[in-house]
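S.K.: coords please:
(2 chains)
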Amino acid sequence: MTRLNQKHTAIETAIALIPDGASIMVGGFGSPGTPFALLDELLAQGQKHLTVIKNDANEPDIGIGRLIRAGRIDRLITSHIGLNRTAIEAMNQGHLAVEMHPQGLLAEKIRCAGAGHYGFLTDIGLGTEIAQGRREIECDGRTWAIEPAIRADFALVHADLADAYGNLVYRGTAINFNPLMAMAADKVIAQAFRVEAPGTLPPETVHTPCAFINHIVQVDSATSEQGRRAHVV
Amino acid sequence: MSSDQERLLARAAREVLPGQIVNLGIGLPTRLFHYLPPDMDVLVHSENGVLGSQPVAHGAEPDLEMIDSGGAYIGTRPGASVFDSALSFAMIRRSRIDITFMGAFEVDQHGNLANWKIPGKFSPGIGGAMELAQKVDKLVVLCSHNDKHGNPKILKQCRLPLTALHCVSRIITDKAVMQVTKAGLEVVDIAEGLDVASLRAATDAELIIDETRLGRF
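M.R.: Purely as a prediction, here's the structure:
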């Protein structure tokens, strides 16, 4: 475990910990909550043969979309890639192995790893195509599918606010998968728009306690502009 | 948007009752936002982690951290909350959402729904549709009655991979409002200007129609 007072890390140093072939959880649902600065540094450093676990594939020119386009991700575990045409083409041409899960099961599999469990039992998807290949058991007279947890070597998460110990506060719909992933990976690198001195965050406002965080990187809020889509209801 | 779609959405908005928690699926259902009376006390849920979303005020600058599950910028109304994805789906699986609206490729008279995959043509992933379809008590399908080639989408039996089995309560198309019952698909309302014979001709499913009780929309 990284010492409490040694977590504030330069972005280059934090990302350089990730080797080729690593499995990496990446927070975000669409753009909000995606750690764009950490992903751009990963692109710049050149790690390859990565397995990425993310709800979606961002869009072609941002976030993990850039890594997919550069051929750096071998395998993607996700729930929906409909907004990224490049990812769909890479999947159809066999350059990218894609494992799809219903979104709530993906979230729960990650939550379960973060809670230290093997997996959970569910009735979601029984009788449909996604049930193929799943193990099922009888409990109390009903059929349940076994859903193993999903862990990873690294998690890259985005918070709005942090302190130097690594306590995190998320904002708006940028919460999504971030607090789940922050608990489910062996090494967790968090980016935040602001990093305050310990004691600044009221304890009851902390979403992810610092015990789960290894490295905290301060990034410019302008990095989230990359994810901007001109799209209103 | 076509006048058929506007009529469909205006009819669909009547399914929402004051005080309900409502989920709006991607595509046409998202447009329902604009057909609910502005003073109606409902909370709109979006599975990416918000309860109480509303459209961004006209002319206002959107908050980049606030989107719905379709990727559109949203605002929040009084009483709103935001939460993580596991909690959002706990809310769905525990049936705390009163009603959800979804699109469909195919829906059948048994209430089966197919709206996520066309093998060999379209397979972007299922997103949150499976859990919403399986666990929300009232699922209303909003779709065109026929595809762009005129083929029926309301079938005796779905052919595409299912999103969930026996999950649909009601189907609202440009031509009819149909209730899924144990006896089959019961037509509640028929579109203004359409006769029963034309509706049957445009539908593969067997329809139960009592002309003395038929509404118009």
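
S.K.: Enumerate every residue touching the residue of chain A most remote from its centre.
M.R.: For chain A, the largest distance from the centre (Cα atoms, centre = their mean) belongs to residue A:141, which lies 36.2 Å off. Under the criterion of Cβ atoms under 8 Å, 6 or more residues apart in numbering or on different chains, residue A:141 has no neighbours. The C-beta positions use only the backbone N, C-alpha and C, and glycine is treated the same way.

S.K.: And it, how close does it get to chain B?
M.R.: 19 Å (Cβ to the nearest Cβ, to the nearest Å).

S.K.: What is the neighbour count of the closest residue to residue B:167 other than its chain neighbours?
M.R.: Nearest non-adjacent residue to residue B:167, counting by Cβ to Cβ, 6 or more residues apart in numbering or on different chains: residue B:133, 4.5 Å away. Residue B:133 has 28 neighbouring residues, counting by other Cβ atoms under 10 Å in any protein chain shown.

S.K.: I'd assumed residue B:102 was in contact with residue B:133.
M.R.: Yes - using Cβ atoms under 8 Å, residue B:133 is in contact with residue B:102, at 6.8 Å.

S.K.: Pull up the overlap in contacts between those two.
M.R.: B:113, B:115, B:139.

S.K.: Among these, which one has the most neighbours?
M.R.: Most surrounded of these: other Cβ under 10 Å gives residue B:113, at 29 neighbours.

S.K.: How about it, nearest residue that isn't a chain neighbour?
M.R.: Residue B:113 sits nearest to residue B:163 (Cβ to Cβ, 6+ apart), 4.8 Å away.

S.K.: okay, which residue is most central for the chain?
M.R.: Went with chain A since none was named. Centre-nearest of chain A using Cα atoms, centre = their mean is residue A:26, 2.4 Å out.

S.K.: wrong one, chain B
M.R.: Most central in chain B (Cα atoms, centre = their mean) works out to residue B:101, at 2.3 Å.

S.K.: how about the top strand by length along chain B: buried residues?
M.R.: Taking DSSP state E as the assignment, the strand of chain B that covers the most residues is strand B:74-82. Buried positions in strand B:74-82, judged by neighbour count with 16 or more other Cβ atoms under 10 Å in any protein chain shown: B:74, B:75, B:76, B:82.

S.K.: Extract the CA atoms of that strand and return them as PDB.
M.R.: What follows is strand B:74-82 as a C-alpha-only set of coordinates in PDB (Å, rounded to 0.1, in the frame of the first residue of the first chain):
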ATOM      1  CA  ILE B  74     -29.800  17.100 -18.800                       C
ATOM      2  CA  GLY B  75     -30.600  19.300 -15.800                       C
ATOM      3  CA  THR B  76     -32.200  18.200 -12.600                       C
ATOM      4  CA  ARG B  77     -35.500  19.100 -10.900                       C
ATOM      5  CA  PRO B  78     -36.100  19.700  -7.200                       C
ATOM      6  CA  GLY B  79     -36.000  16.300  -5.300                       C
ATOM      7  CA  ALA B  80     -33.400  14.900  -7.700                       C
ATOM      8  CA  SER B  81     -30.500  12.600  -6.700                       C
ATOM      9  CA  VAL B  82     -27.400  11.100  -8.400                       C
END
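
S.K.: Is any residue of it near chain A?
M.R.: Yes - using Cβ under 8 Å from any Cβ of the partner chain as the criterion, contacts between strand B:74-82 and chain A involve B:74, B:82.

S.K.: For the closest residue to chain B within chain A, grab the count of nearby residues.
M.R.: In chain A, the residue that lies nearest chain B is residue A:104 (2.9 Å; Cβ to the nearest Cβ). Residues lying near residue A:104 (other Cβ under 10 Å) number 27.

S.K.: Please apply the same query to residue B:104.
M.R.: Residue B:104: 23 neighbours (other Cβ under 10 Å).

S.K.: sorry, back to before: for the helix or strand hosting the residue of chain A closest to chain B, the distance to its chain's centre please.
M.R.: For residue A:104, the host element (DSSP states H and E) is helix A:103-114. The chain centroid and the centroid of helix A:103-114 are separated by 11 Å under Cα atoms, centre = their mean, to the nearest Å.

S.K.: Likewise for stretch A:126-137?
M.R.: 25 Å.

S.K.: Repeat that for stretch A:64-82.
M.R.: That offset, for stretch A:64-82, works out to 12 Å (Cα atoms, centre = their mean).

S.K.: How about stretch B:169-176?
M.R.: 10 Å.

S.K.: Output it in CSV with nothing but the alpha carbons.
M.R.: What follows is stretch B:169-176, C-alpha atoms only, in CSV (Å, rounded to 0.1, in the frame of the first residue of the first chain):
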residue,chain,number,x,y,z
SER,B,169,-47.5,-4.5,-20.6
ARG,B,170,-48.6,-2.2,-23.4
ILE,B,171,-47.7,-1.4,-27.0
ILE,B,172,-48.2,2.1,-28.5
THR,B,173,-47.7,2.5,-32.2
ASP,B,174,-48.7,5.0,-34.8
LYS,B,175,-51.7,2.8,-35.5
ALA,B,176,-52.9,1.4,-32.2
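
S.K.: Would you mind pulling the contact partners of that stretch?
M.R.: B:4-5, B:7-8, B:11-12, B:15, B:104, B:107, B:111, B:137-145, B:153-154, B:177-180, B:185, B:187-191, B:194, B:199, B:202-203, B:207.

S.K.: Good, wrapping up.
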